[in-house]
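Participant: task: produce atomic coordinates for the following.
(chains A and B)
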2 protein chains.
Amino acid sequence: MKATVHVMLKDGVLDPQGEAVRHALGTLGFAGVDAVRQGKVIELDLAATDAAAAEAEVKAMCEKLLANTVIEKYTVSIR
Amino acid sequence: MKATVHVMLKDGVLDPQGEAVRHALGTLGFAGVDAVRQGKVIELDLAATDAAAAEAEVKAMCEKLLANTVIEKYTVSIR
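Facilitator: Below you'll find the model as predicted:
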């Protein structure tokens, strides 16, 4: 199965990378960009065949390695 | 409108970051992870109200700044 994990900074946590992108877009002439948040996307190819088991395993991966849950939130989708 | 941009390395381009994640997951005891690819996700809040115009503008942002189109591919979704 394939799993896609999105890891974003939690709302309220300062995102200097996103802010840098917003500023750069303004410099390049793109007006009307109010806010930018940047995060990570991680695509995993899993040997598991059961969707529920795969989702539970990927959530454990997020808690242990993929996301810093103090400042980041994550979502998991399984295909 | 809100736009979400996914930027991933093109297929065939070596992804050392994803490979490092795959190795770390194995070290942590997660078996059955065949492949990992890591990319970026960028969420933009746009002042534009027309979806087609917004998508065209975000694609221009990708070509100019957000993606290195020599080695990266991107997808844009507008909500």
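Participant: what lies in contact with stretch A:34-41?
Facilitator: Contact with stretch A:34-41 is made by A:4-9, A:15, A:17-19, A:21-22, A:25, A:66, A:72, B:6, B:8, B:38-47, as judged by CB atoms under 8 Å, 6 or more residues apart in numbering or on different chains. Quick note: C-beta positions are derived from backbone N, CA and C, even for glycine.
Participant: give me the element the residue lying farthest from the centre of chain A is part of.
Facilitator: Among residues of chain A, the one most distant from the C-alpha centroid is A:Gly29; the distance is 27.1 Å, by CA atoms, centre = their mean. For A:Gly29, there is no helix or strand it lies in under DSSP states H and E.
Participant: where is the longest strand in chain A?
Facilitator: strand A:33-46 (DSSP state E).
Participant: quick one: mean pLDDT over the helix or strand following that strand.
Facilitator: Sequence order places helix A:51-61 as the next helix or strand after strand A:33-46, per DSSP H and E. The pLDDT scores in helix A:51-61 average 96.
Participant: so which bits of chain A are right by chain B?
Facilitator: A:6, A:8, A:18, A:21, A:24-25, A:28, A:30-48, A:57, A:60-61, A:64-66 (CB under 8 Å from any CB of the partner chain).
Participant: which of these are buried?
Facilitator: Among those, the ones that count as buried by 16 or more other CB atoms under 10 Å in any protein chain shown are A:6, A:8, A:18, A:21, A:24-25, A:30, A:33, A:36-44, A:46, A:48, A:57, A:61, A:66.
Participant: A:Leu9 pairs with what?
Facilitator: With DSSP bridges as the criterion, A:Leu9 is bridged to A:Glu72.
Participant: surely it and A:Ile71 touch.
Facilitator: Yes: the criterion here is CB atoms under 8 Å, and A:Leu9 meets it with A:Ile71 at 6.0 Å.
Participant: more neighbours: which of those two?
Facilitator: Remark: of A:Leu9 and A:Ile71, A:Leu9 carries more neighbours, 19 against 12, as counted by other CB atoms under 10 Å in any protein chain shown.
Participant: got a list of what the more buried one touches?
Facilitator: So A:Leu9 contacts A:15, A:18, A:37, A:39, A:71-73 (CB under 8 Å, 6+ apart).
Participant: from B:Thr27, how far off is it?
Facilitator: Going from A:Leu9 to B:Thr27 by CB to CB, to the nearest Å gives 26 Å.
Participant: same check on A:His6?
Facilitator: 23 Å.
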